[in-house]
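Undergrad: Below are the sequence and a predicted model for it; my questions follow.
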Amino acid sequence: MAEQDALLDQLRTICGPAAVLTAPGDIEPYAVDWKQSFVGSPFCVVRPGNTGEVAKVVAACRKHGTSIVPQGGNTGLAGGATPDASSSQVLLSLNRLTRIRSLDPIGMTVEVEAGTILQSVKEEAAKKERLLPVSLAAEGSATIGGIVSTNAGGVNVLRHGMTRALVLGLEVVLADGTIVNGLRHLRKDNAGYDWKQLFIGAEGTLGIVTAAVLRLVPAPRHSVTALLSVADVETAIALYAKAQSEIGDALSAFELISGESIALVERHAGLKSPIAAGEWFLLIEAASSLTGLEAAMQVLLAAAFEEELALDGVIAASHQQAQSLWALREHVTEAEAREGRGLKHDMSVPLTVMPAYLADARAAVAAVSRTARLNVFGHLGDGNLHYNVLLGPEDHPAAVNRAVHDAVVRHRGSISAEHGLGQYRVGEWQRTKPAAEQALAHTIKQAIDPAGLFNPGKVLAAPNKGGAA
Ligand code: 2HG
Ligand code: ZN
């Protein structure tokens with residue numbers, strides 16, 4: 001206790017008393033994730049006002065041997081930003097670092113502090129006809145530091161890649177309090193190890209991202225959105241290949257939504273699909289600075305009907321209609337939460353393997369549960385689906401989890417395509433990741449954060465001799 005009081009005094013001296021929260025009511029919003037799946041108990045929340053203060057806070061915590069859990073917008077789905085329940089950790093919130101330091105519409109870069117909300121950066125960029133192409137349902141709360149630290153995905157990965165593909169430079173605070181400033185606005189920089197890659201997707205386990213330089217793209221002036229229904233995933237993949245040929249580079253989203261997911265959205269969000277149901281729905285978007293998208297989408301749909309690939313379909317006639325098609329997709333997560341006990345998965349396999357994976361996983365889940373219902377949707381174009389399972393009262397989450405993940409392993413996929421491991425998937429990472437890859441991960445952690453100061457228990461499980469061969 002005396003030790004914690006001494007640290008609190010130091011944190012107050014570094015950041016000012018108002019930036020150190022200890023009252024349970026003040027701490028609570030930081031201690032629980034937005035879905036209320038993970039509940040922690042930090043002994044304080046500290047909110048530094050700039051990078052220098054972050055560095056001093058880290059140095060003080062290190063001196064006291066107190067571990068740090070960094071947090072951005074607290075919108076993650078794997079509990080990576082939720083502290084443990086020991087009441088011994090400091091939660092370091094980046095939410096006061098909110099400056100957009102510069103935006104260069106010609107070099108097409110933006111330099112921005114970690115706590116800045118993704119949507120505000122997108123709004124600033126839009127004023128200069130530029131786009132930061134990360135599109136997430138949570139973009140009104142997700143922060144730049146969070147999307148970098150989790151290497152966030154979203155619905156435009158198909159066209160622009162994961163967040164990693166957009167990061168040109170980073171500023172990070174290391175475990176000894178050193179500030180490493182790599183905020184270069186360069187497209188090309190091959191001068192040695194590209195160390196920033198280590199901090200992207202590390203979920204705050206190697207250092208604290210305090211600012212980033214991100215790549216922008218021209219804001220598309222035109223876009224077109226279509227919703228189709230199809231009988232099976234093989235057909236959906238055939239349509240994806242056609243969409244690549246007809247729409248090419250302008251194809252910006254190719255999302256798959258199961259009939260069950262649409263039914264949940266209709267039940268809980270009061271929305272209605274404008275087309276006749278199939279087993280699966282496809283939401284397809286094209287976006288470009290050039291015209292001609294509408295014609296290309298019409299060619300795609302005409303071919304889809306002629307070849308009897310699509311059962312029904314519609315092209316949005318206005319921006320508003322496009323938004324209501326997107327609303328069907330964007331409400332799936334919320335509808336699932338309202339329906340009941342959902343178990344999340346975030347798998348990926350090579351796209352052509354997806355039908356075999358889905359058949360395998362369905363059988364594997366049925367073998368461990370007779371009551372589980374599936375809620376499958378996601379980013380088909382990226383080979384990444386959220387294979388979520390609604391559990392009945394008798395179902396064992398761990399057994400269902402293992403069934404879904406074992407099918408992933410059988411098809412050489414990933415158990416976390418875009419959400420990260422956080423604390424939610426650490427055990428499954430340890431169970432399924434090849435031993436040599438686990439050992440390499442521990443070597444990296446040991447080299448950069450040897451005392452285990454940053455976010456212990458996330459991403460890496462304690463070293464073991466197990467792991468898949
Ligand atoms: C999405 O694709 C998000 O909408 C959330 O990654 C997925 O709720 C989920 O499981
Ligand atoms: Zn997703």
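TA: Cool, the structure landed. Ligands and ions are numbered 1, 2, ... in the order given.

Undergrad: Can you show me the strands along the stretch 101-250 of the chain?
TA: According to DSSP state E, counting those that start in this stretch, the stretch 101-250 of the chain carries its strands in the segments 109-113, 130-131, 167-173, 179-182, 208-215, 217-218, 222-230.

Undergrad: Now the stretch 101-250 of the chain against ligand 1: closest residue?
TA: Evaluated by C-beta to the nearest ligand atom, the stretch 101-250 of the chain has residue 137 as its residue closest to ligand 1, separated by 5.3 Å. To be clear about C-beta, it is placed using only N, CA and C from the backbone, and glycine gets the same treatment.

Undergrad: Apart from its chain neighbours, what residue comes closest to that residue?
TA: On the basis of C-beta to C-beta, 6 or more residues apart in numbering, the spatially nearest residue to residue 137 that is not a chain neighbour turns out to be residue 330, at 5.0 Å.

Undergrad: which of the strands of the stretch 101-250 of the chain sits most buried?
TA: With neighbours defined by mean count of other C-beta atoms under 10 Å, none of the strands of the stretch 101-250 of the chain is more surrounded on average than strand 208-215, at a mean of 26.

Undergrad: Could you spell out the sheet neighbours of that strand, each with its direction?
TA: strand 109-113 (antiparallel), strand 167-173 (antiparallel) (DSSP bridges).

Undergrad: ok, residues contacting that strand?
TA: Identification of contacts with strand 208-215 by C-beta atoms under 8 Å, 6 or more residues apart in numbering yields 51, 54, 58, 68, 70, 92, 94, 97, 101, 108-114, 121, 132, 144-145, 148-149, 165-173, 179, 183-185, 187, 199, 454.

Undergrad: now with 6 Å?
TA: The set of residues that contact strand 208-215 without belonging to it, under C-beta atoms under 6 Å, 6 or more residues apart in numbering, is 51, 54, 70, 109-111, 113-114, 144-145, 148-149, 166-173, 183, 185, 199.

Undergrad: one step back: in a markdown table: the strands of the stretch 101-250 of the chain, plus distance to residue 414 and mean pLDDT.
TA: Formatted as a markdown table, the strands of the stretch 101-250 of the chain follow (distance: least, C-beta to C-beta, whole Å; pLDDT from 0 to 100):
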| stretch | distance to residue 414 | mean pLDDT |
| --- | --- | --- |
| strand 109-113 | 29 | 99 |
| strand 130-131 | 27 | 98 |
| strand 167-173 | 20 | 98 |
| strand 179-182 | 27 | 98 |
| strand 208-215 | 23 | 99 |
| strand 217-218 | 26 | 98 |
| strand 222-230 | 25 | 98 |
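
Undergrad: Tell me the residues on the stretch 51-200 of the chain that lie near ligand 1, please.
TA: Taking C-beta under 6 Å from any ligand atom as the contact definition, the stretch 51-200 of the chain meets ligand 1 at residue 137.

Undergrad: Would you map the helices across the stretch 51-200 of the chain?
TA: Counting by DSSP state H, counting those that start in this stretch, one finds helices in the stretch 51-200 of the chain at the ranges 51-64, 118-127, 144-149, 157-160, 196-199.

Undergrad: among these, which is nearest residue 310?
TA: Set against residue 310 and scored by C-beta to C-beta, the helices of the stretch 51-200 of the chain come closest in helix 157-160, at 19.4 Å.
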